[in-house]
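A.B. asks: I need the structure of the sequence given here:
(2 chains)
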Amino acid sequence: MNTSLIQQTKITQALADFREYVFSHPIAKDTFRYLCTSLGASSSPQMIIFTGPTGVGKSTLAKAACNRLLQYYKDRMEVEPDFVPVVTVNAVPPNGTGFSWKDFHIRLLSGQSEPLVDRKFLMPHQISLFSGYGVETRALDQSTSDALRRSTEEYLRQRKTKFLIIDEAQHLLLMGGKQRLECQFECLKSLTIEAGVTIVLIGTYRLLDILDQSGQLARRSQVVNFPRYDMRWKDDRENFRKVLKFFEEWLSNYVPTRLDEQADYFYKKSAGCVGILKDWLVRCLEYALQENAPAIDSVFAEQFAHKNRGLVTIIEEACVGEAKLADVDDARLTDLLANGILLASADNSVLQNQRPGKRNPKRDPVGEVRI
Amino acid sequence: MNPFLDFNGEPDFQSRLSMPPRSVLFSLVPDGVGTSEQESLLSLITRTSRAHAVSPRRLIAKIFSRDEPVISKLAYAKFFCDLAGTANGLGQYAELFVSAMERLTGRPNLRHLTMLSWRGLFPRNGQGLLARHPRWCPMCLYQQHVVGKRSAVFPLVWSLEVYRSCSIHLCKLEEQCPHCGKTQPFLPRFPDLGICDHCRQPLAGIRPRYGRDSFESWVADAVGDMVTRQSASNFAPDVGHFREFLREQIAALSDGNRAAFCRALGFNEHGLNGWLNKGERPSPTQFLALCYGLELMPANIFDGAQPQLTGTCLKRPLGKLKGRQAISRPDRKRREELESILLAKLNDADSLPVSRIAAELGVGPACLRYWFPDICAQLSERHRSMVKQRSTAYRAKQCLRVEALVLSVAEEGRYPSLRQVNYLLRKEGMSLVQPHLLQAYRRARQSNRL
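C.D. replies: Numbers count the residues shown, from 1 in each chain, chains lettered A, B, ... in the order given. Okay, here's the model as predicted:
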């Protein structure tokens, strides 16, 4: 066998091992416990919003939670061959102007190996017994959007699904216009009611817009935040160093590695997100193994780091999200309950609509009427 | 204690569990199991199709056939309309669909939704067992709609020919749509048996017809009892046990006199010979008539304990369960006449089939085959070989015509292409799609070097 081929196989294996290993660092453990608490509560909310900065490891943690659920329901799955406790699907961003529910339902059903996804009838919920009101005589089996939605609801009902996990859920909100955004929220709400499942939305802090837009969804939701390591807190600084130490030990099995000495640098260039740090180190390891680099340190890793411009965007989004998560104080709540909100009067609204110097829209008389 | 937090020590992020294989179809619970209203297999298949929002026919053609390739040969219109009813019976199709459905849904013991449990007793061809068209009680369908069932449920008893009126509502079962008057297919296009497959109107609740006699009432109860008891795990009726039981009854009730036993029941005097001496199996109609005469529920014969008879004498059934009229048995003189005619037919140039000869003589083909099995076998063989000869001669004639056409086109100075020759053949009702004509065309071109 060719030496380079053996070498390449070893590199691939090393990268795969490192990539697949899920490091249970302190924030991940705490978040996982909180997520499991939300999932397992007997009065579990209808929607769980699992959010955090990009690259922090949300999808990875969600997979671990999914594994936990499968382990928990293992015995029941053996007894009931049609029972599917967890359904996972990715919300794919739209090609055109807005998110496509039809595409979403097709991906969900196809991913679950539902038969004949392209041949669904739109089944009536109720059939009338009055003659002349029979079933639509040309009931087409062409998988319209409504037919697919009902099929999804029926699938989740029949399979007694407990949790529907939607990853990259911020793509659901890619709609033009406020009214259409409200429709998205209503669709999600009706899915939880009709199918009787708890929906877990995994995505960026943009998902928190749901709570601001819809009181109904806010009532039914719980937020699980997976934060990044914040160097302003002493515990986070210490835990981040532990993370670096762990990665240093792991990578040293392949290439001499020095990360802890430049902990501030690695924190800065990963924005405190373990996911971003790990992906960066994977790139470093691959290049180091291919080029037989002497060591992995801050100088070596610099060539594979994200640009500062990108990191600024990530950190700004994280800060905005963290601000959204901050609660309003009790005083505001008390004031609202005591005094309500000030609504504009009807007379004022007419005046407010008029700008100075702008005429009312009114047709002027033209010509004369001769009798 | 939160059940998902019940793991020792640290959470295990490294475990990679995958979902074990799940059933392809939803595993709906069959309705009324263990009761006389037990659902039939075709009804369960239709309800499962509705849950998946697909046509039952498409489900069979695409999904069932993937699991059981033999089913792909059954995916045609005539089977769905007229023949699929046998899936509720006790033959090979019942066996096929039960095993496929069990694998696809992961639900065991679906054979109780068919008459397979009675396979050891009734004739293998299901003679006299199943109705020719789906039937329903309009009041039962109406009631199902009122209680909020999303899709109609057809009990297994409605599939049986002898069950003619509903035990609950005492009205006659219908087999034609009250709106358009058409019979329904066994497997509809639209996944709801309660909707007419032609006009898409509901079949429920309209103008039920009442009126049944005590015999029909007893038969309905007996059939319901058969369906109820067949779900028991140790219930296995077999013809050997039945014969033993029959012999005991003849000995006990008529001192071993079979003819007297038969007369008391209203059977032909030699009616039991086939069952007891010739290894034949009782048809469902005759079996029920026997049980009525003995005042015994059918399943009681096979449930292990010695059946307790309620009467000391036999009861004659009040009516006939078979729809058709009995054919008179030919006497010896008539049999001799028939035999001589059949022997003459053996030497005829015509070679007619047995069914045609029987129609000419005013008897049924089964009668001729029963009394003259060897002569009928010879006549059938003769007819088959004549049909084969005729077919071979016709094909040869067609092949000659193809060759002649190829030559004539070539003689006109044109190239005898496939399209050209096919065009000319279609005017004469033939086509090169037929393999033997295509071969003849190729031979003609090869031999004439075209």
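
A.B. asks: where does the chain dip in pLDDT?
C.D. replies: You didn't pick a chain, so chain A it is. Along chain A, the model assigns pLDDT under 70 to residues A:1-3, A:42-45, A:125-143, A:176-179, A:342-356, A:368-371.

A.B. asks: oops, I was thinking of chain B
C.D. replies: B:1-11, B:205, B:304-328.

A.B. asks: Just give me the residue right at the centre of chain B.
C.D. replies: residue B:86 (3.0 Å; Cα atoms, centre = their mean).

A.B. asks: Might one say that it is in contact with residue B:95?
C.D. replies: No - counting by Cβ atoms under 8 Å, residue B:95 is not a contact partner of residue B:86; they are 10.4 Å apart. Using the backbone N, CA and C atoms, a C-beta is placed for each residue, glycine as well.

A.B. asks: Could you list every helix and strand in contact with the biggest helix by length in chain B?
C.D. replies: Longest helix of chain B, by residue count under DSSP state H: helix B:373-411. Counting contacts by 3 or more Cβ pairs under 8 Å, 6 or more residues apart in numbering or on different chains; DSSP states H and E, helix B:373-411 packs against helix B:332-346, helix B:354-361, helix B:365-371, helix B:418-426, helix B:435-447.

A.B. asks: number of nearby residues for residue B:371?
C.D. replies: 17 (other Cβ atoms under 10 Å in any protein chain shown).

A.B. asks: wait, doesn't residue B:364 sit right on residue B:357?
C.D. replies: No - the pair residue B:364 / residue B:357 is not scored as a contact, 11.3 Å apart, by Cβ under 8 Å.

A.B. asks: Just the buried residues of the longest helix of chain B, please?
C.D. replies: Neighbour counts over helix B:373-411 (16 or more other Cβ atoms under 10 Å in any protein chain shown) mark B:375-376, B:379-380, B:382-383, B:398-399, B:401-403, B:405-406, B:409-410 as buried.

A.B. asks: ok, now stretch A:311-323?
C.D. replies: So stretch A:311-323, judged by 16+ other Cβ under 10 Å, has buried residues A:311, A:314-315, A:317-318, A:321-322.

A.B. asks: and what of stretch B:116-127?
C.D. replies: B:116-123, B:126.

A.B. asks: Can you classify the closest residue to residue A:250 other than its chain neighbours by secondary structure?
C.D. replies: The shortest distance from residue A:250 to any non-neighbouring residue, by Cβ to Cβ, 6 or more residues apart in numbering or on different chains, is to residue A:18 (6.6 Å). Under DSSP: H, G, I helix; E, B strand; the rest coil, residue A:18 falls in the helix class.

A.B. asks: residues contacting residue A:18?
C.D. replies: A:250-251, A:281-282, A:285 (Cβ atoms under 8 Å, 6 or more residues apart in numbering or on different chains).

A.B. asks: Out of these, which is nearest to chain B?
C.D. replies: residue A:250 (13.5 Å; Cβ to the nearest Cβ).

A.B. asks: and the closest one, backbone torsions?
C.D. replies: Main-chain torsions, residue A:250, degrees, to the nearest 10: phi -60, psi -50.

A.B. asks: Please look at it and residue A:14 and confirm they touch.
C.D. replies: No - Residue A:250 is not in contact with residue A:14 according to Cβ under 8 Å; the separation is 10.1 Å.

A.B. asks: Where does the residue of chain A found nearest chain B sit, in terms of helix or strand?
C.D. replies: Evaluated by Cβ to the nearest Cβ, chain A has residue A:81 as its residue closest to chain B, separated by 2.9 Å. Using DSSP states H and E, residue A:81 sits within no helix or strand.

A.B. asks: Please tell me how far it sits from residue B:103.
C.D. replies: When distance is defined by Cβ to Cβ, to the nearest Å, residue A:81 is 10 Å away from residue B:103.

A.B. asks: how deep is residue B:13 tucked in, by neighbour count?
C.D. replies: Neighbour tally, residue B:13, other Cβ under 10 Å: 20.

A.B. asks: Now do the same contact list for it.
C.D. replies: A:22-24, A:28, A:32, A:60, A:64.

A.B. asks: What does it show for phi and psi?
C.D. replies: Dihedral angles for residue B:13 - degrees, to the nearest 10 - are phi -90, psi -10.

A.B. asks: list the contacts for the nearest residue to it once chain neighbours are set aside?
C.D. replies: Leaving out its chain neighbours, the residue that sits closest to residue B:13 by Cβ to Cβ, 6+ apart is residue A:22, at 3.7 Å. Residue A:22 makes contacts with A:60, A:64, B:13-14, as judged by Cβ under 8 Å, 6+ apart.

A.B. asks: Quick one: which of these is the most crowded by neighbours?
C.D. replies: Result: residue A:64 is most packed of the contacts of residue A:22 (other Cβ under 10 Å), 23 neighbours.

A.B. asks: And for residue 59, the neighbour number?
C.D. replies: No chain specified, so I'll use chain A. Burial of residue A:59 is recorded as 17 neighbouring residues (other Cβ under 10 Å).

A.B. asks: Correction: the question concerned chain B.
C.D. replies: Burial of residue B:59 is recorded as 23 neighbouring residues (other Cβ under 10 Å).

A.B. asks: count of neighbours near the nearest residue to it once chain neighbours are set aside?
C.D. replies: Leaving aside its chain neighbours, residue B:59 sits nearest to residue B:49 (4.8 Å; criterion: Cβ to Cβ, 6+ apart). By the other Cβ under 10 Å criterion, the neighbourhood of residue B:49 contains 27 residues.

A.B. asks: can you check residue A:168 too?
C.D. replies: Neighbours of residue A:168 using other Cβ under 10 Å come to 17.

A.B. asks: Run through the helices of the stretch 201-350 of chain A in chain order.
C.D. replies: If DSSP state H, counting those that start in this stretch is used as the criterion, the helices of the stretch 201-350 of chain A fall at A:209-213, A:215-220, A:234-252, A:263-270, A:274-291, A:298-302, A:308-325, A:330-339, A:346-353.

A.B. asks: Let me see the residues that make contact with the third one.
C.D. replies: It refers to helix A:234-252. Defining contact as Cβ under 8 Å, 6+ apart, one finds that helix A:234-252 is touched by A:18, A:21, A:23, A:25-27, A:229-231, A:257-260, A:263, A:266-267, A:272, A:274, A:277-278, A:281, A:284-285, A:296.

A.B. asks: what about burial for those residues, which qualify?
C.D. replies: Among the contacts of helix A:234-252, those buried by neighbour count (16+ other Cβ under 10 Å) are A:18, A:23, A:25, A:27, A:229, A:257, A:259, A:263, A:266-267, A:272, A:274, A:277-278, A:281, A:284-285, A:296.

A.B. asks: follow-up on the earlier one: reformat the helices of the stretch 201-350 of chain A as a markdown table; add distance to residue B:193.
C.D. replies: Converted to a markdown table, the helices of the stretch 201-350 of chain A look like this (distance: least, Cβ to Cβ, whole Å):
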| stretch | distance to residue B:193 |
| --- | --- |
| helix A:209-213 | 43 |
| helix A:215-220 | 39 |
| helix A:234-252 | 62 |
| helix A:263-270 | 62 |
| helix A:274-291 | 54 |
| helix A:298-302 | 68 |
| helix A:308-325 | 54 |
| helix A:330-339 | 57 |
| helix A:346-353 | 59 |
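
A.B. asks: Please consider this matter closed, and thank you.
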